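> sequence first, then the predicted structure, then my questions.
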Amino acid sequence: MKRVTKFLSLALALVLSVSVFTVNANAMSAAGEAHRRALTTEEVTTIYKTFNAKIYAKMYPDVVKELGEDEMALYTHFVTFGIWEQRQPSEAFNVNAYATLNPDLSEKFGDDIVAYYMYYANHMAESGTTRSMPTYNYAIWHDTNVYSVYDFTAGQKGPNKGAVPVCTRNYHPGIVIRNADGKEIWPSVGIKPADE
């Protein structure tokens, strides 16, 4: 019964989201807006497996300022805006890292951001065993440049030519890498486009 109630609350929140949100959707990137679409009920319920409201609130105080800390309000923001803006649903999953670290998936899904979430949500047990951990930290420690999921094209190996990484060993906004003494290492300094 608790699960049914939660699902009904989620469905109601999604139906009301268009009229309730005060967060400015116009602030979304052009790429996010170009890919944005209504999600199916199956997608919304499946992607929920990746979401952690407490972490989302901590990572995005701008959303909390507008909507508060209610779990369903935050999740509704995520599936309505955040997913397209490439916001993380939790510390454990970053869609850009997932697409970059799994070339078989990026070749299959291209820039279909929802496909990555659906695959991950249905195959979480693979992370850390048969698949890389889908985080920027994992990519940094494995010296892998991370590209936006929107820089991939289905049927193509690797990111589009000229794509600029969103995270590299030396450029990782929002992530501080420290050594055992607490000193920052790998300071953020320049980036270079793919195929350069």
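Sure, I can see it. Numbers count the residues shown, from 1 in each chain.
> neighbours of residue 149, how many?
27 (other Cβ atoms under 10 Å). In this view, the C-beta of every residue, glycine as well, is placed from N, C-alpha and C.
> surely it is in contact with residue 99?
Yes - Residue 149 is in contact with residue 99 according to Cβ atoms under 8 Å; the separation is 4.5 Å.
> so for the two, which residues contact both of them?
106, 116 (Cβ atoms under 8 Å, 6 or more residues apart in numbering).
> for the nearest residue to residue 107 once chain neighbours are set aside, pull up the helix or strand it's in.
Leaving out its chain neighbours, the residue that sits closest to residue 107 by Cβ to Cβ, 6 or more residues apart in numbering is residue 157, at 5.7 Å. Assigned by DSSP states H and E, residue 157 falls within no helix or strand.
> so residue 157 sits against residue 108, correct?
No - between residue 157 and residue 108 no contact is recorded; they are 11.0 Å apart, counting by Cβ under 8 Å.
> the two: which has the busier surroundings?
residue 108 (15 against 10).
> okay, how far is it across stretch 132-148, tip to tip?
Taking Cα to Cα, to the nearest Å, the first and last residues of stretch 132-148 lie 17 Å apart.
> show me the shaky parts of the chain.
Filtered on pLDDT under 70, the chain yields the residue ranges 1-27, 171-180, 182-196.
> and the helices in it?
2-20, 30-35, 41-47, 53-59, 61-67, 71-77, 95-101, 103-109, 113-122, 136-141 (DSSP state H).
> domain-wise, how is this protein divided?
2-82, 95-185 (automatic domain parsing).
> please identify the deepest-packed of those domains.
domain 95-185 (a mean of 17; mean count of other Cβ atoms under 10 Å).
> report the distance from it to the chain centre.
Relative to its chain's centre, domain 95-185 lies at 10 Å (Cα atoms, centre = their mean, to the nearest Å).
> likewise for stretch 43-61?
With Cα atoms, centre = their mean, you get 10 Å for stretch 43-61.
> which residues are contacting that stretch?
7, 10-11, 14, 39, 63-64, 69, 71, 74-75, 78-79, 82-83, 87-93, 114, 117-118, 120-122, 124.
> go on, stretch 136-150?
Under Cβ under 8 Å, 6+ apart, the answer for stretch 136-150 is 31-32, 35, 86, 94-97, 99-101, 106, 111, 113, 116, 132, 159, 163-169, 172, 175, 177, 186, 194.
> understood, closing this out.
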